[in-house]
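S.K.: below is the sequence, then the predicted model.
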Protein chains: 2
Amino acid sequence: MTVPANLKQVARAAGVSPATVSRVLNAAPNVARETRLRVERAIEGLQYQPSRVARRLRTQDRPGQMIGLLVPDIQNPFYVEVVRGVEDRAYAHGCGVMMCNFAQTEEKEHFFLDILRHERVDGLILAPARPDDRKVMEVVRSGIPVVCVDRGLKDADVDMVVVDNMEGARAAVEHLIGLGHRRIAHVAGLPQIPSTSERLDGYYAAFEAAGLTPDAALVRHGNSKHESGRDLTAELLDLPEPPTALFTGNNLITLGALETIHRRGLRIPQDVALVGFDDMYWAISLNPPLTAVSQPGYEIGRRAADLLFQRVAEPDRPPAKVVLKTTLIVRQSCGANSR
Amino acid sequence: MTVPANLKQVARAAGVSPATVSRVLNAAPNVARETRLRVERAIEGLQYQPSRVARRLRTQDRPGQMIGLLVPDIQNPFYVEVVRGVEDRAYAHGCGVMMCNFAQTEEKEHFFLDILRHERVDGLILAPARPDDRKVMEVVRSGIPVVCVDRGLKDADVDMVVVDNMEGARAAVEHLIGLGHRRIAHVAGLPQIPSTSERLDGYYAAFEAAGLTPDAALVRHGNSKHESGRDLTAELLDLPEPPTALFTGNNLITLGALETIHRRGLRIPQDVALVGFDDMYWAISLNPPLTAVSQPGYEIGRRAADLLFQRVAEPDRPPAKVVLKTTLIVRQSCGANSR
DNA sequence: ATGAAAGCGCTAACAG
DNA sequence: CTGTTAGCGCTTTCAT
């Protein structure tokens, strides 16, 4: 149980004042070469490393080399991609990332938000549990730099990086309609999440563009997780007049839907076609290879981190909204309607 | 840009000294009911929340409600399960989790380890990049509570939660041998990771138990990621005398192997059989449903967090080693060898 | 039961 | 260029 050396000990060892050590640590220009060398040798000798805690406590302006990342659901591979994008940029800046997963639970989101705020992180990247989240808006108003990813925040001028969900969903459903499907169900996510309603809008837009009338009974909302895909798909397939195609609202829902379809021994696309929002690199290895709307997750994370570092450096720059495009990847889970 | 209230302001508002506010905050027994109420009202009124940074700086003994979690690869669903187990327990303790992903890179591991250490977290849960990792051993020796998951640490008396990798691998390969396979390849992970060599041992043990001689050319090591599964499987299938079955060393490798097999239009299990280490809840939705060795990831995380909180409370308890069992889940990716 | 005062490890004025 | 001094926000003796 060795107690780590502190700055004062380094100062003593180098025969200088604590202030000078601090200057060396922060690469201040006004230190004599000779002195700097002596201090550096003392740092080496004592294996000294500054306490990040003390530094964050004292420093107000200069960033503390730590950002917070609040993820809605770490089980969702899409967010994992976002995380990787953020991490890579942060690492390139020598900046730590405090990542917390709130598992689509507002209560947990608030818990971690409090922690992150009181840890005095330099900035926050998050996907709000809901667009009118009082707590998140409070945090934004408190002045800490925030970048929203995947979902925006109502009435808040904040940086955000999102995708064009409506276009992505429309493309997916138009693809199904083009293949002759008419009874197309949509297994949607949590209703309060903006991306859910945007994707629903895209679903309706595709019907409208084709001059078709959607059946409201074919749209179901769940909790955006695996089990909702599994259970809602079962409900839909149990309908007297079941859908011939499914459009699933995210990654996890897609996987849940696949589980139900396979457990029932149904064939895709002959018995039911499937197109999912969110691609996964192993979608080709699913049965059958999945047709999906691909979001640039890594890019979203990268851009969000860039925006955050920019804002930390220049707090008064006007908020930016980056909208990235989705791509429909056609594989083999749709096919022509054979009924 | 509102500056949050501090303890001094609360003291002033309540007409007491800072020390008393601190006592209320820490639920000290010796505060008059009347005083406590006044302080609590002031806290409410000012929306005061203590600074975790200042608290961690000052406090030595009492835990600071923050643990660190260092994950080898957040893209691997197995570690995601571990993360969830840790998080759930931490949340139940009102404790924050600082999670960092080092992406199987020793350099990143050291970077985050430094950060976590200098953040003065109460304890650390990690899967060391290598069993003889100097830096990790240094951290352990420095006295901060550490629990290793998935992989141990050489020559260090430290709590750990692992699975019986050798038995898991042996069961998988025996299953293949039982189905008539003889040319069974093993796409292994990073050689320096203990689980890699333990699984390799299991692979050899199965051959030995069956009185068979393994072909060294059929064992390949990669970086434990998706691309290594993809590329090494391609190499193996290009052999003059290719394997009839594949045993993949983890989740990501399995997915990579599937990609190669599907791209080549080969059938599983007729052309090549496949059993993977690590199950995924959507393994049933793969083509074909995957036979896999299942590890209790969530349970590993849960137990590790329990061990850590125990150790924080009782630093001198002797180190515990928890070994959990794996389960072979037989689905349809093996089948009888038809060649 | 409460307050005064010292100090955790560091940074930032201000002198010199 | 370098040292002295005063805190950041909190906890913790030691008095009272």
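M.R.: Good, I have the coordinates.

S.K.: around residue A:17, how many other residues sit close by?
M.R.: Using other Cβ atoms under 10 Å in any protein chain shown as the criterion, residue A:17 is surrounded by 12 other residues. Every residue, glycine included, has its C-beta placed from N, CA and C.

S.K.: so it is in contact with residue A:10, correct?
M.R.: No. Between residue A:17 and residue A:10 there is no contact, the gap being 10.8 Å when judged by Cβ atoms under 8 Å.

S.K.: care to break chain A down by domain?
M.R.: Annotated domains of chain A cover A:1-61, A:66-163+A:297-323, A:165-293 [automatic domain parsing].

S.K.: where does chain A have low pLDDT?
M.R.: Where chain A drops to pLDDT under 70, the residues are A:1-2, A:60-62, A:64, A:336-339.

S.K.: mind checking how far the residue in it that DNA strand C sits nearest to is from residue B:57?
M.R.: Nearest to DNA strand C in chain A, going by Cβ to the nearest atom of the strand, is residue A:7, at a distance of 2.8 Å. Using Cβ to Cβ, to the nearest Å, residue A:7 is found at 13 Å from residue B:57.

S.K.: then residue A:65?
M.R.: Computed with Cβ to Cβ, the distance linking residue A:65 and residue B:57 is 16 Å.

S.K.: whatever helix or strand residue A:107 lives in vs chain B: in contact?
M.R.: According to DSSP states H and E, residue A:107 maps onto helix A:106-118. Yes. Interface with chain B: helix A:106-118 contributes A:108, A:111, A:112, A:114, A:115, A:117, A:118 (Cβ under 8 Å from any Cβ of the partner chain).

S.K.: the closest residue to residue A:192 other than its chain neighbours: how many residues sit nearby?
M.R.: Residue nearest to residue A:192 in three dimensions, not counting chain neighbours: residue A:130, with 4.4 Å by Cβ to Cβ, 6 or more residues apart in numbering or on different chains. Using other Cβ under 10 Å, residue A:130 has 17 neighbouring residues.

S.K.: would you list the phi and psi of residue A:130?
M.R.: Note on residue A:130: its backbone torsions stand at phi -150, psi 150 [degrees, to the nearest 10].

S.K.: how long is stretch A:219-233 end to end?
M.R.: This stretch, stretch A:219-233, spans 10 Å end to end (Cα to Cα, to the nearest Å).

S.K.: helix or strand: which one has residue A:252?
M.R.: helix A:251-263.

S.K.: likewise for residue A:319?
M.R.: Following DSSP H and E, one finds residue A:319 outside all helices and strands.

S.K.: that one against residue A:152, yeah?
M.R.: No. Under the criterion of Cβ under 8 Å, residue A:319 makes no contact with residue A:152, lying 10.7 Å away.

S.K.: what residues are shared contacts of those two?
M.R.: Contact criterion Cβ atoms under 8 Å, 6 or more residues apart in numbering or on different chains; residues shared by residue A:319 and residue A:152: A:158, A:160.

S.K.: who has more neighbours, those two?
M.R.: In this view residue A:319 and residue A:152 are compared by other Cβ under 10 Å, and residue A:152 has more residues nearby, 18 against 14.

S.K.: give the contact list for the residue nearest to that one when sequence neighbours are not counted.
M.R.: Excluding the flanking residues, the one nearest residue A:152 by Cβ to Cβ, 6+ apart is residue A:160, at 5.2 Å. Residue A:160 sits next to A:147, A:148, A:149, A:152, A:153, A:319, A:320, A:321, A:322 when contact means Cβ under 8 Å, 6+ apart.

S.K.: likewise for residue A:247?
M.R.: So residue A:247 contacts A:169, A:172, A:173, A:176, A:184, A:185, A:186, A:187, A:203, A:275, A:276, A:277 (Cβ under 8 Å, 6+ apart).

S.K.: count the residues that sit near the residue lying closest to the fifth one once chain neighbours are set aside.
M.R.: This points to residue A:184. Distance criterion Cβ to Cβ, 6+ apart; nearest residue to residue A:184, sequence neighbours excluded, is residue A:245 at 4.6 Å. When neighbours are counted by other Cβ under 10 Å, residue A:245 registers 27.

S.K.: tell me what residue A:245 is bridged to.
M.R.: residue A:184, residue A:273 (DSSP bridges).

S.K.: tell me who's in contact with it.
M.R.: Counting by Cβ under 8 Å, 6+ apart, residue A:245 touches A:176, A:179, A:181, A:183-185, A:269, A:272-275, A:334, A:337.

S.K.: and those, which are buried?
M.R.: Buried by 16 or more other Cβ atoms under 10 Å in any protein chain shown: A:176, A:179, A:181, A:183-185, A:269, A:272-275, A:334, A:337, out of the contacts of residue A:245.

S.K.: which one of those is nearest to residue A:257?
M.R.: Proximity of these to residue A:257 (Cβ to Cβ) peaks at residue A:274, which lies at 6.5 Å.

S.K.: so what's the backbone phi/psi at residue A:183?
M.R.: Main-chain torsions, residue A:183, degrees, to the nearest 10: phi -90, psi 90.

S.K.: neighbours around the closest residue in space to it that isn't next to it in sequence, how many?
M.R.: Spatial nearest neighbour of residue A:183, chain neighbours left out: residue A:243 (4.5 Å); criterion: Cβ to Cβ, 6+ apart. If you count neighbours by other Cβ under 10 Å, residue A:243 ends up with 23.

S.K.: ok, now residue A:147?
M.R.: Residue A:147: 27 surrounding residues under other Cβ under 10 Å.
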